[in-house]
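Enquirer: Structure, please.
(one chain, ligands or ions: 1)
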Amino acid sequence: MSSPEGERLQKVLARLGVGSRRHCEDLIADGRVLVNGAPARLGQRIHDTTDRVEIDGVPVPVRPDLVHYLLNKPAGVVTTAADPQGRPTVVQLVPDEPRVFPVGRLDFETEGLLVLTNDGELTHRLTHPSFGVEKEYLAHVEGRPGRGALRALRQGVELDDGVTAPATVAAIEPDVLRIVIHEGRNRQVRRMCEAVGHPVRRLVRSRIGPLHDRTLAPGEWRRLSLDEVRQLEEAIAATSSNSRNGAGPSRPQR
Ligand code: URA
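Expert: Below you'll find the predicted structure:
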């Protein structure tokens with residue numbers, strides 16, 4: 001794929017599924033494509049292993065060596081590359097090569113969707129506190145949370161590291177809450193539910209920004225499509241521009 005003189009940009013973009021060759025040429029001609037931060041020229045050749053391409057400010061995953069996996073993490077697995085206590089790790093559930101790392105973490109007992117990748121820049125953007133991509137959880141809790149508990153979870157709960165940002169919360173069954181947050185504090189959902197008197201019995205992450213998949217069994221993984229990686233990049237870019245406009249994720253108040 002990568003030749004010494006590089007490959008024409010519109011061809012790379014078309015191959016990645018951005019659109020037809022003609023559409024990609026139009027994007028370039030309209031000044032919507034940047035290569036290494038500078039407006040791209042029609043016919044420009046790029047090296048897909050080293051050049052950084054963006055469309056409308058959203059990075060395009062052009063590097064062929066990058067892999068992105070979506071894993072349905074089972075309970076009883078640690079979200080690290082290696083565990084000093086010898087417990088099973090999430091990286092043991094995906095291929096050994098190329099070496100990938102989990103993006104963020106789920107607790108030992110938490111189940112559900114986790115991204116693993118060797119794309120360091122995406123990892124940085126997804127885990128940086130200034131970007132707050134939505135994460136959706138299904139929390140099976142003790143008792144039946146009433147209106148007051150739901151309201152508190154929605155408005156913000158006082159935790160020992162500050163009040164939580166407003167969350168979207170719905171009781172989908174009397175003892176199962178769908179909770180959408182965009183912060184990434186340690187054991188946040190468990191601590192929120194505990195704080196309103198309904199400790200979590202089981203916690204499953206069902207969505208990360210645009211990524212969801214109800215067909216993956218616990219322990220199963222699949223590669224993200226380029227379109228999904230792009231949607232994820234778009235979600236990250238949207239939260240960062242929201243926070244620049246002051247409409248984005250609020251930081252924990254201390
Ligand atoms: N919130 C938690 O409490 N635990 C997780 O694993 C993720 C979010």
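Enquirer: what about the helix or strand hosting Leu203, distance to the chain center?
Expert: Per DSSP states H and E: Leu203 is located in strand 200-208. In terms of Cα atoms, centre = their mean, to the nearest Å, the centre of strand 200-208 is set 15 Å apart from its chain centre.
Enquirer: Can I get it in PDB, CA atoms only?
Expert: Presented in PDB, the C-alpha positions along strand 200-208 are these (Å, rounded to 0.1, in the frame of the first residue of the first chain):
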ATOM      1  CA  VAL A 200     -24.700  -1.800  42.200                       C
ATOM      2  CA  ARG A 201     -25.100  -5.600  41.900                       C
ATOM      3  CA  ARG A 202     -24.000  -5.800  38.300                       C
ATOM      4  CA  LEU A 203     -22.600  -3.200  35.900                       C
ATOM      5  CA  VAL A 204     -22.400  -3.400  32.200                       C
ATOM      6  CA  ARG A 205     -21.100  -0.800  29.800                       C
ATOM      7  CA  SER A 206     -23.400  -0.800  26.800                       C
ATOM      8  CA  ARG A 207     -22.100   2.100  24.700                       C
ATOM      9  CA  ILE A 208     -19.000   4.200  24.200                       C
END
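Enquirer: what about that strand, average pLDDT?
Expert: Averaging pLDDT along strand 200-208 yields 98.
Enquirer: I'd like to know which elements it is packed against.
Expert: Applying 3 or more Cβ pairs under 8 Å, 6 or more residues apart in numbering; DSSP states H and E, one finds that strand 200-208 makes contact with strand 111-117, strand 135-141, helix 188-195. Quick note: C-beta positions are derived from backbone N, CA and C, even for glycine.
Enquirer: Just the buried residues of the helix or strand just after the first one, please?
Expert: Read it as strand 111-117. Using DSSP H and E, the helix or strand that follows strand 111-117 in sequence is helix 120-127. Neighbour-count burial for helix 120-127, counted by 16 or more other Cβ atoms under 10 Å, picks out 122-123, 125-126.
Enquirer: swap in stretch 148-159?
Expert: By neighbour count on 16+ other Cβ under 10 Å, the buried set for stretch 148-159 is 149-150, 152-153, 156-157, 159.
Enquirer: Reformat those residues into TSV and put secondary structure next to each item.
Expert: Below are the buried residues of stretch 148-159 laid out as TSV (DSSP: H, G, I helix; E, B strand; the rest coil):
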residue	secondary structure
Ala149	helix
Leu150	helix
Ala152	helix
Leu153	helix
Gly156	coil
Val157	coil
Leu159	strand
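Enquirer: angle of the longest helix along the chain against strand 111-117?
Expert: The single longest helix within the chain, with elements called by DSSP state H, is helix 226-244. Interaxial angle of helix 226-244 relative to strand 111-117 (axes from the mean of the first three to the mean of the last three Cα atoms, to 10 degrees): 100 degrees.
Enquirer: ok, Asp227 - contacts?
Expert: Residues near Asp227 by Cβ atoms under 8 Å, 6 or more residues apart in numbering: Gly17.
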